[in-house]
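[1] Following is a predicted model, sequence given first.
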Amino acid sequence: MKKKVALITGITGQDGSYLAEFLLKKKYKVIGLKRRSSLFNTQRVDHLYVDPLEKKTDFELYHSDMNDGSSIINIINKVKPDEIYNLAAQSHVKVSFEIPEYTANSDALGTLRFLEAIRSSNRPKKIKFYQASTSEMYGNCKKTPQNEKTVFNPDSPYAAAKLYAHNITKIYREAYGMFAANGILFNHESPRRGETFVTKKIVRGLTEIKFGIRKKLSLGNINSKRDWGHAKDYVEGMWKILQHNKPDDFVLATGKQISIRDFIVKCLRFLKLKYRFVGKGLNEKILDDSNKVIVDIDKKYFRPIDVENLKGDSSKARKVLNWKPKFNIDDLVEEMCLFEIENIKKNND
């Protein structure tokens with residue numbers, strides 16, 4: 001029986017690497033797309049190249065770019081994917097204010113290029129397309145929790161670009177009868193999270209403080225509230241969305257919300273660091289048991305517009321797809337902290 005072929009953009013990122021592992025276990029052939037870089041950036045997927053039992057691989061990498069329509073067309077025609085998971089993006093919200101044009105070109109028009117490549121291929125009805133939408137599209141909306149019917153109100157160039165991608169995916173689905181679906185994913189983390197994202201920054205910073213590698217961690221707005229899950233749960237949800245009998249849009253979320261402040265506290269407690277909060281606003285700090293500052297607030301890490309309150313309602317995905325998260329926030333904190341502890345111990349051996 002011929003194996004299904006899955007094409008994943010953003011393969012070298014957190015979600016792409018977990019999704020590749022998941023699909024390989026499902027006996028897919030996985031094709032990953034990566035941008036050309038002068039640095040090696042495949043560490044999250046290097047272990048996937050060879051199956052230790054069969055001594056062969058069902059995993060391949062190709063160079064491509066979301067801004068290069070011709071390369072996208074060529075690869076789709078060459079590998080003939082059954083499923084495409086579009087996870088590639090300039091995904092840092094604050095950075096999107098600094099490079100808005102690049103963010104729009106990659107995140108918005110990049111999705112359009114893929115949809116056009118599928119539509120113009122000789123298999124437009126045989127390829128299933130998954131678009132990674134984001135809870136950031138809701139912005140500072142007044143309704144909580146947010147679901148598939150909540151009105152979007154993007155508050156960053158990243159969110160606006162993602163909303164275009166979300167809408168154009170729906171348009172191609174309805175106009176051309178393509179199997180094109182959106183997953184509106186709320187925050188999801190893991191030990192593989194990129195270093196500039198706040199959860200990774202907190203976990204790594206506090207772990208390094210515990211081991212005396214650094215003295216202080218600086219953060220932005222710690223009062224923002226988020227719905228945090230584990231990336232492993234969410235990539236399974238992506239797959240379930242494409243296995244549904246018709247293309248549709250689904251929110252994936254835990255339905256539970258904590259603030260960045262509470263996330264910090266959970267990390268401090270797991271790491272057994274004694275602490276106390278002092279001051280307010282930009283002058284707020286966290287002190288250790290010897291009254292040394294271990295966390296402070298720095299205005300440079302604030303976004304021009306901050307989204308304060310995201311909490312997802314994934315009841316549709318739970319009912320229709322039989323999807324639900326297996327990890328809770330405490331599992332996530334523990335796994336991320338243990339990963340950083342193990343890295344420090346390895347580097348010190």
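    Yes, it's here.
[2] how about the strands of the stretch 101-250 of the chain, start to end?
    Applying DSSP state E, counting those that start in this stretch to the stretch 101-250 of the chain gives strands spanning 128-134, 179-185, 188-189, 217-219, 225-226, 229-230, 249-252.
[3] on contacts alone, who are the packing partners of the helix or strand bottoming out on mean pLDDT in the chain?
    Counting by mean pLDDT, DSSP states H and E, the weakest-scoring helix or strand in the chain turns out to be strand 59-63, with a mean of 88. When contacts are defined as 3 or more CB pairs under 8 Å, 6 or more residues apart in numbering; DSSP states H and E, strand 59-63 sits against strand 29-34, helix 69-79. C-beta here means a position set from N, CA and C on the backbone, and glycine is covered the same way.
[4] still on that earlier bit, now tabulate the strands of the stretch 101-250 of the chain in a markdown table and tack on mean neighbour count, distance to residue 308 and mean pLDDT.
    As requested, those are arranged in a markdown table below (neighbours: other CB atoms under 10 Å; distance: least, CB to CB, whole Å; pLDDT from 0 to 100):
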| stretch | mean neighbour count | distance to residue 308 | mean pLDDT |
| --- | --- | --- | --- |
| strand 128-134 | 25 | 16 | 98 |
| strand 179-185 | 25 | 18 | 98 |
| strand 188-189 | 26 | 19 | 96 |
| strand 217-219 | 18 | 15 | 96 |
| strand 225-226 | 21 | 7 | 94 |
| strand 229-230 | 26 | 19 | 97 |
| strand 249-252 | 26 | 19 | 98 |
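[5] Out of the ones you listed, flag the one nearest residue 289.
    Nearest to residue 289 among the strands of the stretch 101-250 of the chain is strand 217-219 (16.5 Å), distances taken as CB to CB.
[6] what are the pairing partners of that closest one, and which direction each?
    strand 293-297 (parallel) (DSSP bridges).
[7] buried residues in the strand it pairs with?
    The neighbour-count check on strand 293-297 (16 or more other CB atoms under 10 Å) flags 294-297 as buried.
[8] which residues touch the helix or strand hosting residue 338?
    Counting by DSSP states H and E, the element that carries residue 338 is helix 329-348. Here helix 329-348 makes contact (CB atoms under 8 Å, 6 or more residues apart in numbering) with 189-191, 193, 199-200, 203-204, 207-208, 211, 213, 228-230, 254, 256, 258, 263, 266-267, 270-271.
[9] Now it: average pLDDT?
    In this model, helix 329-348 carries a mean pLDDT of 94.
[10] Could you list the buried residues of that helix?
    Quick answer for helix 329-348 (16+ other CB under 10 Å): 329, 332-333, 335-337, 339-341.
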